[in-house]
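**Q** how would this look folded up:
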Amino acid sequence: MASRTRRPGAAPGAPDGSRRRRLPMRLLLPVLVLVALMAMLMLRGYVHSEILADHRIRSEAATDKVPEKILDGGPVIDTRGGRATSLKMPDRRLVLTFDDGPDPTWTPKVLDVLKKHHAHAVFFVTGTMASRYPDLVKRMVDEGHEIGLHTFNHPDLSFQSKKRIDWELSQNQLALAGAAGIRTSLFRPPYSSFADAMDNKSWPVTEYIGTRGYITVVNNTDSEDWQKPGVRQIIRNAMPKNGKGAIVLMHDSGGDRHQTVQALDRFLPEMKDKGYEFDNLTEALDAPTAHTAVAGPELWKGKAWIFLVQASEHITDVLVVGLSIIGSLVIGRFLLMLLLSGIHARRVRRKDFRWGEPVTQPVSVLVPAYNEAKCIENTVRSLMASEHPIEVLVIDDGSSDGTARIVEAMGLPNVRVVRQLNAGKPAALNRGLANARHDIIVMMDGDTVFEPSTVRELVQPFGDLRVGAVAGNAKVGNRDSMIGAWQHIEYVMGFNLDRRMYDVLRCMPTIPGAVGAFRRSALERVGGMSDDTLAEDTDITMAMHRDGWRVVYAEKARAWTEAPETVQQLWSQRYRWSYGTMQAIWKHRKALVERGPSGRFGRVGLPLVSLFMVVAPLLAPLIDVFLLYGVVFGPTEKTIVAWLGVLALQLVCAAYAFRLDRERMTHLISLPLQQILYRQLMYVVLLQSWITALTGGRLRWQKLRRTGVVEAPGGPVPRQQRRNGSDERRPVG
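**A** All right, here's what the predicted structure looks like:
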């Protein structure tokens, strides 16, 4: 039932004998996973121009510092080696240039038209698009087209520092190397136009580009296809005058380019009939190719870059789809909870509602206890105030703190102590079952207190002979701390509202260990409590369903339990719960294919439990990662509105749950903080449970430290005088 470990000594290798502090794997791995996902998301944002993008465009400036020969020259500007020269296209030589691609929709269509008419072109690609669609870049090169750089993020370089310009060029080359295994010496500045549009702001950039080994290529014929003026107008705009050569500007990305594709399909044969040739830039100038093959580290760096970008694209796309599906399911679950919990409340609160004949016979209350000295007296005394006839069996599971002696010293009637060597909670409950005298068995934890009416309300559903087990209403007694308040919200909303829904669906997965009741015959038919899992309460509940028994929820059977008060204790408890739930799901997996009651539970209950208790919580932190990303880099207002909408839905569910349980709404003030911080802790716990399950590890029971501060409403149960001669006080076993 519990495991205690010796405090580790100094870490090997510590020169001063002190112990080195290391981040536990249960924290390190989730942190690494979240950091990796955030890095993937940031990388995706970078190649989608959502991060580090600069969309400013400078207005026109003076031109007095630009050489006249450049302003009056051709569209090819060479400032390498400190010189400034320009070149024009030979007559009847057309160089088609396409900016801003590659685009997955329009670039293939453009390439198809060029191939159809045996024409070559120059594609000035951005690093972002080349990184995302490397296959299209490779196709361009394989089909004989020329590639030029158009920066990585398409900023106006006149605003940028030389360091940023170098970064834009190097990242653009990196993407090109990874996509096609080449470098290029051609460059076109974003937002460029004709040579005579060069001014005092853009010319220094052109000069600097030359020092980096690039030839700047602008244009002298603008098709203006970006304005979508119509196919005929695009053709007219692209036609050079008087048989002159030209560099024609077109676009294969940046929006709907169907007019460009249609115009190109008509423009190419029409101009060829007039004697024009369509070449690469270097072909038109009879110059060496602008491409240089890369190899070695440069090539592998480029391939690694493309791999990472593609991984970020695929991973984030999968996550977005997954989150959309999970989000829809979670919202659907919230709505279903609201609907079915309302149906449950209306049904059981009707004045004429009865489970059957009132249950008045005595019941046996089993209290398994291991080192519960601080809590056990409150627990037992709360039972002595019960409005229903009971016997109490405290099963001391090898306690070393005098738990059994405390109970014996109380000298209360109808209370027996059963001692055993430490064997675990399931064994203690089975031992108590063997010693119990009555046909209805109530089980509770040693740190829990009952209200006077709890047992009576808990056993009334057994008036229906189909009912084999009943779940009570477990509540957090120590809710004054922040952690306690968060767990209080979780118990009322996440557990009890769920149980109402599961009751209506007839697939309740768990009878809480703090407050539950069973028919003895039902327990015996399924073999009693099992130690196959660490969630014996979930295990036995699933076994009840598979055996054909109804499992219901008694909202008025309230029990007050002591929730963990530190993060470490909460971690230990939820780790055991999560791992035990996974074990129970796996143990009862055959219910998915069985017939009858077992199959019904398997095809309704198991998927619901698996989805909303194991899978969905694992993805919950991703919502926060996307939220953080959206607030910082994305559509901030839409992101905040979306998150507030989800929070509002959760608040509605929580408020409704609190209203059903007649709880004060003031505790819901901490709900937003709970959704941000508490969910991360539950994520790490669940991830650790997954790791333990997948690696075949075994998790042992961990004893939580208790304070004994929880009492039932109304204060402590008054002490009762010991009755001498009562046989009920003698310990058994």
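**Q** most distant residue from the middle of the chain?
**A** Centroid-distance maximum for the chain: Asn242 at 62.7 Å, with Cα atoms, centre = their mean.
**Q** And the pLDDT at it?
**A** pLDDT, Asn242: 87.
**Q** Double-check that it belongs to a strand.
**A** No: according to DSSP: H, G, I helix; E, B strand; the rest coil, Asn242 belongs to no strand; its state is coil.
**Q** Now do it against Ala469, distance only.
**A** 94 Å (Cβ to Cβ, to the nearest Å). Just so you know, the C-beta spots here come from the backbone N, C-alpha and C atoms, and that holds for glycine as well.
**Q** Arg92 too?
**A** Counting by Cβ to Cβ, the gap from Arg92 to Ala469 is 91 Å.
**Q** Those two: who's more crowded?
**A** Ala469 (26 against 15; other Cβ atoms under 10 Å).
**Q** Show me what the host helix or strand of that one is packed against.
**A** Assigned by DSSP states H and E, Ala469 belongs to strand 467-476. Applying 3 or more Cβ pairs under 8 Å, 6 or more residues apart in numbering; DSSP states H and E, one finds that strand 467-476 contacts helix 454-459, helix 482-489, strand 516-519, helix 536-546, strand 550-561.
**Q** max-length helix in this protein?
**A** helix 297-348 (DSSP state H).
**Q** which helices and strands does that one pack with?
**A** By 3+ Cβ pairs under 8 Å, 6+ apart, helix 297-348 packs against helix 25-47, helix 127-132, helix 162-180, helix 497-505, strand 550-561, helix 616-632, helix 636-660.
**Q** Could you point out which of the ones you listed sits nearest Asn280?
**A** helix 162-180 (14.5 Å; Cβ to Cβ).
**Q** Any stretches of this protein with poor pLDDT?
**A** Residues of the chain meeting the criterion pLDDT under 70: 1-27, 30, 620-621, 634, 693-733.
**Q** Which stretches in the stretch 51-200 of the chain count as strands?
**A** In the stretch 51-200 of the chain, the strands defined using DSSP state E, counting those that start in this stretch lie at 76-78, 85-87, 93-99, 121-125, 146-149, 182-184, 186-187.
**Q** neighbours around Val449, how many?
**A** With other Cβ under 10 Å as criterion, Val449 counts 29.
**Q** element containing it, please.
**A** strand 448-450.
**Q** my read: Ile511 touches Asn473, true?
**A** No: assessed by Cβ atoms under 8 Å, Ile511 is found out of contact with Asn473, at 11.9 Å.
**Q** quick one on the thing from earlier: okay if I get the helices and strands packed on strand 467-476 as a markdown table plus mean neighbour count?
**A** Output for these, formatted as a markdown table (neighbours: other Cβ atoms under 10 Å):
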| stretch | mean neighbour count |
| --- | --- |
| helix 454-459 | 26 |
| helix 482-489 | 22 |
| strand 516-519 | 26 |
| helix 536-546 | 26 |
| strand 550-561 | 23 |
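**Q** Those: which one's closest to Ala345?
**A** Of all the helices and strands packed on strand 467-476, it is strand 550-561 that lies closest to Ala345, at 7.5 Å by Cβ to Cβ.
**Q** helices or strands up against the closest one?
**A** On a contact count with 3+ Cβ pairs under 8 Å, 6+ apart, strand 550-561 meets helix 297-348, strand 448-450, helix 454-459, strand 467-476, helix 497-505, helix 536-546.
**Q** Between helix 497-505 and that strand, find me the angle.
**A** Counting by axes from the mean of the first three to the mean of the last three Cα atoms, to 10 degrees, strand 550-561 lies at 160 degrees to helix 497-505.
**Q** follow-up on the earlier one: quick one, which of the helices and strands packed on strand 467-476 is nearest to Trp355?
**A** Across the helices and strands packed on strand 467-476, Trp355 has its closest neighbour in strand 550-561 (8.3 Å, Cβ to Cβ).
**Q** roughly how far is the closest one from the heart of the chain?
**A** 32 Å (Cα atoms, centre = their mean, to the nearest Å).
**Q** ok, that strand: who's next to it in the sheet?
**A** strand 448-450 (antiparallel), strand 467-476 (parallel) (DSSP bridges).
**Q** Touching the first one from outside, list them.
**A** Outside of strand 448-450, the residues within contact range by Cβ atoms under 8 Å, 6 or more residues apart in numbering are 378-379, 382-383, 386, 444, 474, 477, 514-515, 558-562, 710-712.
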